[in-house]
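# Sequence first, then the predicted structure, then my questions.
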Amino acid sequence: MPSFNAAEARELGAFVKSLAAGSVVLFYRFARQLDVSYLRTLGVRTMKAPVDRNDLHSLLSDVVNVEGKSAKILPMRRAPSRQFTDHALNKAANLSSSIECECPHHMAEVIKSLVAFENYSAQCENKDKASEDLHRHIHLRTAEARQIMESLLQSVLEQEGIDLSLVEA
C-alpha cells in the first residue's frame with residue numbers, strides 16, 4: 001500500500017483483528033509513525049518501501065520461523081538498520097519538551113544501551129555452534145527491541161513536532 005492515514009490504520013487494524021492469520025505483513029511508503037506503531041501493537045509486521053532485498057529476506061524468514069514454531073533460534077539474517085545515529089540520540093536526550101515528561105531523554109538512553117548490548121552480543125566468544133546460535137539470537141532480538149524503541153521515539157518526536165535535523169547539538 002503506497003500510503004495510509006489514521007482512519008485507514010484503524011480500518012486495517014479491525015480487519016487484522018478479525019483474521020485468523022498467523023502473520024500479517026504490510027509494505028507502505030508513507031504513513032505517520034504513530035499509525036505504523038499502532039499496527040505493530042496488533043502484531044502486523046511493517047516494512048517501509050522501497051524494500052531492500054536483505055531486509056525482505058530477513059522479514060520473510062522471521063515470519064516463516066514464527067509460523068513454523070519449529071526452531072527456537074532465528075535463521076541467519078541481518079539485524080535491522082539503525083534509525084538514529086549516536087549524534088541524533090544525544091540530541092534527543094537533551095531536548096526540552098513542551099510536555100511535562102522526559103520520554104525523549106529516557107528513550108534515547110534506553111536505545112543507546114540497547115545499541116551497546118547489541119554490539120556486545122555480536123562479539124561474544126562462542127564455545128560451539130549452539131552457543132553461536134544463541135548469541136546470534138540474542139543479538140537479533142536485541143536489535144529488534146532497539147528498532148521498536150526507535151520507532152516509539154520517532155512517534156514521540158513527531159507528536160512533539162520535533163525534527164532532530166533542525167536541533168542544534
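Good, I have the coordinates. Residues are numbered from 1 along each chain as shown.

# Please count neighbours and contacts with C-alpha atoms only from this point.
Will do.

# And the lowest-mean-pLDDT helix or strand in the chain, how far out from the chain middle?
Among the helices and strands of the chain, helix 53-68 carries the lowest confidence by mean pLDDT, DSSP states H and E, at a mean of 72. Helix 53-68 sits 14 Å away from the centroid of its parent chain (Cα atoms, centre = their mean, to the nearest Å).

# which parts of that helix are buried?
Using 16 or more other Cα atoms under 10 Å as the test for burial, helix 53-68 gives D55, S58, L59, S61, D62, V63, N65.

# contacting residues for the first one?
Remark: with contacts taken as Cα atoms under 8 Å, 6 or more residues apart in numbering, D55 is in contact with R78, P80.

# so who does the spatially most central residue of the chain touch?
With distances taken as Cα atoms, centre = their mean, Q147 lies nearest the centre of the chain, 2.7 Å away. Listed by Cα under 8 Å, 6+ apart, the contact set of Q147 reads P80, S81, R82, Q83.

# Now do the helices in this protein.
6-18, 33-41, 53-68, 86-93, 103-122, 129-160 (DSSP state H).

# follow-up on the earlier one: show the buried residues in the contacts of Q147.
Here, 16+ other Cα under 10 Å leaves P80 buried among those.

# wait, isn't Q154 in contact with Q33?
Yes - judged on Cα atoms under 8 Å, Q154 makes contact with Q33 at a distance of 6.8 Å.

# Looking at these two, which is more packed in?
Higher neighbour count among Q154 and Q33: Q154, with 23 against 18, using other Cα atoms under 10 Å.

# Local confidence estimate at the residue at the greatest distance from the centre of the chain?
For the chain, the residue at maximal distance from the C-alpha centroid (Cα atoms, centre = their mean) is K127, at 30.2 Å. Looking at K127, its pLDDT stands at 88.

# Quick check: R32 vs N5, distance?
7 Å (Cα to Cα, to the nearest Å).

# Could you break this structure into its assigned domains?
Structural domains of the chain, as assigned by automatic domain parsing, span the residue ranges 1-77, 79-169.

# Quick check: which of those domains is buried the most?
Each of the domains of the chain was assessed for mean neighbour count using mean count of other Cα atoms under 10 Å. The highest is domain 79-169, with a mean of 16.
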